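> sequence and predicted structure are below.
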Amino acid sequence: VVDGVTEQYMSKGQMVTVEGCAPVLFTPSGSQAQYAVCSPIVDEEGTIYFKNDSAYMMAVGSKINRIQVTQLPDKTTYTEGEVFAPSGMKVTAYLANGMERDITSYVTFSQDPLTVADTDITIYYNHVLYGDRFDGENGNETGVAVLPLETYIDLTVLSTEEHTSVSSVMDLIGQIGEVTLQSDNAIQAARQAYNALPEELQPYVTNYDTLTDAEEEYKALHKVASLIDGIGEATYAKAEAIYKARDAYDALTMEQQAKITNYELLTEAENTLAKLIEEINLVEEQIRGIGIVTLGQEAAIQAARLAYDKLPDDSKAGVENYDVLVESEKYLDGLKKAVEDVIVSIDAMGEVAYSKADTIQAVREAYDALTAEQQERVTNRQKLVEAEEILEKLIAEIDSVENKISAIGTVTLESEPAIQAAREAYGRLPEDSKAGVKNYDVLVAAEEALDALKNPTENPQQPSTGNDDQEPGTAGQGPSTGEQGG
């Protein structure tokens, strides 16, 4: 929008001046300077269309500030001798009113064969006939000469030899086709050919992404296939390798998975592993079933051990509670050994004698320390009972002898029957039991005292039985056994 301008015209021989007139937008010249024969029509971009007497269709639009290639053509690399191909190109005109117009269909460019010296091509827009220029004093000046608008596209023109080298690499890349596990040689050939190209030509290999994509896909396929082959014979120790192969396979797309030719090996390995894990779980369950270890659990412990031993050596490491089985076996062995030790101790007692009292007592204590279940396993426990009964009789006999000795009292000539009875009772004891008579020395002393009483000439002094100090008035009395006679 500009300020109004002053216009002058002749009317009846007089110059008329008018202020605030709209500026002149367009003044045709030559054969186009004719009257308009229709009302102006304006489109959405602000362009005014009208037709004049000479049948010209005129379009007066906003000034084009610049043109620009907003989408490059499909091809920007050529071989010398080829002609520029605009396919895919888009050219946009930027108008002074802020609008943009697609002018691709109206641009021109050289059709001459390209040479290696060409580094770009000029794009022209030649459809502007009139220009204008605003002057602050004179208003809008029309009919200003307009130079063709232009822009540029960078091109690369290869020599025939360079084109052949690049095309050869692109052909090898194109031959890769669908990537499979058998594509290794084709991919390597294309990679080697690409790497052999001079660095300045490598950017012109337009399908290079196809090569890198093929390398990545082959790498993914080969990795999975190698992981599966690496499993070998499926064992529990291979569990991690099997899981890793499965994860790698699942990371592939469905299309890639279909290309894994040894996938069946993976599923077979997984099935085998599942069975091995099931066997391990059963063994662990048997071990948990042992519970508190008693002699009654021996069958359960033996069954768990048998199941464990049947596992492949490789699977045994998977039994996480194996230490429970080992400890149970040790504890069971301890229970059984305790029983066996008591049985052996009972047998070792041999013929019962008083001198074996401590041994019999120790065996009894060992037996009593056993659980009721263990005691039931002591097959010769009756022998212990019988030995204790015999020992009890022996002790009773010893006690009887001791009582007879104690009953002797103060030795007199009348003590002879008691002394003889004690001596005879002592003599009837088994030799082994005689050591148990704790007051046997009293019997010996009584016998000596009696002998002294019976033979006074030979024994002028009465022997003492352990009481050397005698009260006055006791002279002539025999020795005492520690108890006064009746």
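Received it, and whenever you're ready, just let me know what you need.

> flag the helix or strand of the chain with the lowest per-element mean pLDDT.
Using mean pLDDT, DSSP states H and E, strand 139-144 stands out as the lowest-scoring helix or strand of the chain, at a mean of 67.

> and after that one, which helix or strand comes next?
strand 149-154 (DSSP states H and E).

> part of a strand, is Tyr49?
Yes. Using DSSP: H, G, I helix; E, B strand; the rest coil, the assignment for Tyr49 is a strand.

> neighbours of it, how many?
Tyr49 has 15 neighbours, counted by other CB atoms under 10 Å. Any C-beta I mention is one placed from the backbone N, CA and C, and that applies to glycine too.

> in the stretch 1-150 of the chain, which spans are strands?
Ranges of strands in the stretch 1-150 of the chain, per DSSP state E, counting those that start in this stretch, are 5-11, 14-21, 41-42, 48-51, 57-60, 64-71, 77-79, 90-95, 100-102, 107-108, 120-125, 131-135, 139-144, 149-154.

> and Gly81, how close does it get to Pro203?
21 Å (CB to CB, to the nearest Å).

> what pLDDT does the spatially closest residue to Val166 that is not a sequence neighbour get?
In space, and not counting its chain neighbours, Val166 is closest to Tyr204: 5.0 Å by CB to CB, 6 or more residues apart in numbering. Per-residue pLDDT puts Tyr204 at 91.

> and Asn467, by the same measure?
Asn467 is given a pLDDT of 43.

> so who does Glu397 touch?
By CB atoms under 8 Å, 6 or more residues apart in numbering, Glu397 lies in contact with Arg428, Leu429, Ser433.

> and those residues, which is closest to Thr27?
Thr27 lies nearest to Ser433 out of the contacts of Glu397, by CB to CB, at 160.6 Å.

> how about the nearest residue to that closest one, chain neighbours excluded?
Closest residue in space to Ser433, ignoring its immediate chain neighbours: Tyr354 at 4.2 Å, by CB to CB, 6+ apart.

> give me the element Gly318 is part of.
Using DSSP H and E, Gly318 maps to neither a helix nor a strand.

> show me what counts as buried in stretch 163-181.
Across stretch 163-181, burial judged by 16 or more other CB atoms under 10 Å covers His163, Ser165, Val166, Val169, Met170, Leu172, Ile173, Ile176, Val179, Thr180.

> how close does the third one get to Leu197?
As judged by CB to CB, Val166 and Leu197 stand 7 Å apart.

> what sits in contact with each of the two?
Contacts common to Val166 and Leu197, judged by CB under 8 Å, 6+ apart, are Val205.

> re the thing from before, nearest approach to Glu424 belongs to which of the strands of the stretch 1-150 of the chain?
Closest to Glu424 of these, according to CB to CB: strand 77-79, at 140.3 Å.

> average pLDDT for the closest one?
What strand 77-79 shows for mean pLDDT is 92.

> low-confidence bits of the stretch 351-486 of the chain, can you list those?
Within the stretch 351-486 of the chain, the segments meeting pLDDT under 70 span 457-486.

> which residues does the residue nearest to Val166 contact?
For Tyr204, the contact set (CB under 8 Å, 6+ apart) comprises Thr77, Thr156, Leu158, Glu162, Val166.

> do the same with Lys12
Neighbours of Lys12 in contact, by CB under 8 Å, 6+ apart: none.

> tell me the confidence at it?
As predicted, Lys12 sits at a pLDDT of 87.

> nearest to Leu391, of the strands of the stretch 1-150 of the chain?
Ranking the strands of the stretch 1-150 of the chain by proximity to Leu391 (CB to CB) places strand 77-79 first, at 118.0 Å.

> just checking, what packs against the closest one?
Other helices and strands packing on strand 77-79, by 3 or more CB pairs under 8 Å, 6 or more residues apart in numbering; DSSP states H and E, are strand 156-158.

> go with 10 Å
strand 156-158, helix 160-174 (3 or more CB pairs under 10 Å, 6 or more residues apart in numbering; DSSP states H and E).

> now do the contacts for the closest residue to Arg66 other than its chain neighbours.
Residue nearest to Arg66 in three dimensions, not counting chain neighbours: Tyr94, with 5.3 Å by CB to CB, 6+ apart. Tyr94 makes contact with Ser62, Ile64, Asn65, Arg66, Ile67, Gln68, Thr70, Glu100, Arg101, according to CB atoms under 10 Å, 6 or more residues apart in numbering.

> any idea what the fifth one is bridged to?
Yep, that's Ile67 we're talking about. Here Ile67 sits in beta bridges with Ala93, going by DSSP bridges.

> wait, doesn't it sit right on Lys90?
No. Contact criterion CB atoms under 10 Å: Ile67 and Lys90 do not qualify, at 11.0 Å.

> between the two, tell me which one has more neighbours.
More crowded of Ile67 and Lys90, by other CB under 10 Å: Ile67, with 21 against 14.

> Phe26 versus that one, what's the distance?
Per CB to CB, Ile67 is found 21 Å from Phe26.

> which neighbours do Ile67 and Lys90 share?
Common neighbours of Ile67 and Lys90 (CB under 10 Å, 6+ apart) are Ile103.

> give me the number of residues near Val326?
By other CB under 10 Å, 13 other residues sit near Val326.

> ok, now how distant is Leu295 from Gln382?
Separation of Leu295 from Gln382 (CB to CB): 20 Å.
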